[in-house]
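In: A structural model of the following input is requested.
(4 chains)
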2 protein chains.
Amino acid sequence: MRKEASSNALNEKKINASCGMGYALSLIGGRWKSNILWRLLIDGKLRYNELRRLIPGISERMLVSQLREMEADKLVLRIVYPEVPPRVEYELTELGQSMRSMLQSISDWGEMHRQVTREN
Amino acid sequence: MRKEASSNALNEKKINASCGMGYALSLIGGRWKSNILWRLLIDGKLRYNELRRLIPGISERMLVSQLREMEADKLVLRIVYPEVPPRVEYELTELGQSMRSMLQSISDWGEMHRQVTREN
DNA sequence: CTCATAACTTACTTTTCTGTTAGTACTTAA
DNA sequence: TTAAGTACTAACAGAAAAGTAAGTTATGAG
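Out: Have a look, this model is predicted:
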């Protein structure tokens, strides 16, 4: 939960309002968001449990909360099919898709520069 | 301070080891790092107090800790001149410079998509 | 009647991050 | 002699993020 008036939250707002980089990073900066975005970029539409299996180590709570945040930020679309058993699919919105080249360049830099630890 | 063996820390490590994006984001994800990196990209070398004045709202503790982390990550170089009063300058290392196009694309995306709040 | 599946919620704890306040050493200027 | 500048450090508190464990709803299969 967020305290609207904490210095912490105010600083974040101020930064996001004045700096495009800060703003962009605030949208993709959650622990598992890079993984989720990457999967959705590659695979397109994915069901909840598919995402869960594709991202080893993520808990249900984290998967849901990261998805919900990105949904609120209009990066991800949640599609519910009124079936039993339930089926829910996630895919990138147009805004999410518009991140592709940015995400690619972040990924490229990362792949290039974490080589030292690569062998693990 | 970090608990080496917490699930939290282990998950972060695992993500950084398997995903270039996660790794890159972990280096630039601190609250004030985007600001600092941006300043250093634009202005080149800057003194401690210059940075402080260029980044309104940052506290000394935060400025120092963000700089120290980036120094540890080899993104930023700290140059101490043995003078009185003391003079310390910060600049991007080659590794830091190599982030330029990535940072630019993050910034571009951000500038383009935070327009709604722009008027504030 | 119990189990399994899908896609979650809820309540709670732990860990990590950020911010506040005060203090350091040294020197020059008023 | 007091203040101001420089570049910090230390101790602590509070907020936010992440993790854990258990429960929910509805249905069909055995």
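In: would you agree residue A:88 falls within a helix?
Out: No: read with DSSP: H, G, I helix; E, B strand; the rest coil, residue A:88 is strand and lies in no helix.
In: name whatever forms a beta bridge with it.
Out: residue A:80 (DSSP bridges).
In: what pLDDT is listed against it?
Out: Listed pLDDT for residue A:88 reads 96.
In: how many neighbours does it have?
Out: 15 (other CB atoms under 10 Å in any protein chain shown). Where C-beta positions appear, they are placed from N, C-alpha and C, glycine not excepted.
In: roughly how far apart are it and residue A:35?
Out: Remark: distance between residue A:88 and residue A:35 (CB to CB, to the nearest Å) = 18 Å.
In: ok, now residue A:17?
Out: Computed as CB to CB, the residue A:17 to residue A:35 distance reads 28 Å.
In: residues in contact with the most centrally placed residue in chain A?
Out: The centroid of chain A falls nearest to residue A:33 when counting by CA atoms, centre = their mean (2.9 Å). Contact analysis of residue A:33 by CB atoms under 8 Å, 6 or more residues apart in numbering or on different chains lists A:27, A:66, A:69-70.
In: equivalent analysis for residue A:75, please.
Out: A:27, A:37, A:92-93, A:95-96, A:99.
In: go again with 10 Å.
Out: Contact analysis of residue A:75 by CB atoms under 10 Å, 6 or more residues apart in numbering or on different chains lists A:27-28, A:33, A:36-37, A:40, A:67, A:69, A:92-99.
In: cross those against helices and list the overlap.
Out: Among the contacts of residue A:75, DSSP state H puts A:27-28, A:33, A:36-37, A:40, A:67, A:69, A:94-97 in helices.
In: can you select the buried ones among those for me in PyMOL?
Out: Buried residues among the ones in helices among the contacts of residue A:75 (16 or more other CB atoms under 10 Å in any protein chain shown), as a PyMOL selection:
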select buried, chain A and resi 27+28+33+36+37+40+67+95+96
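In: will you turn the ones in helices among the contacts of residue A:75 into a markdown table that also has distance to DNA strand C and pLDDT?
Out: Shown next, in a markdown table, are those (distance: CB to the nearest atom of the strand, whole Å; pLDDT from 0 to 100):
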| residue | distance to DNA strand C | pLDDT |
| --- | --- | --- |
| A:27 | 15 | 97 |
| A:28 | 14 | 98 |
| A:33 | 15 | 98 |
| A:36 | 12 | 98 |
| A:37 | 17 | 98 |
| A:40 | 13 | 97 |
| A:67 | 7 | 98 |
| A:69 | 12 | 97 |
| A:94 | 21 | 97 |
| A:95 | 20 | 97 |
| A:96 | 16 | 98 |
| A:97 | 20 | 98 |
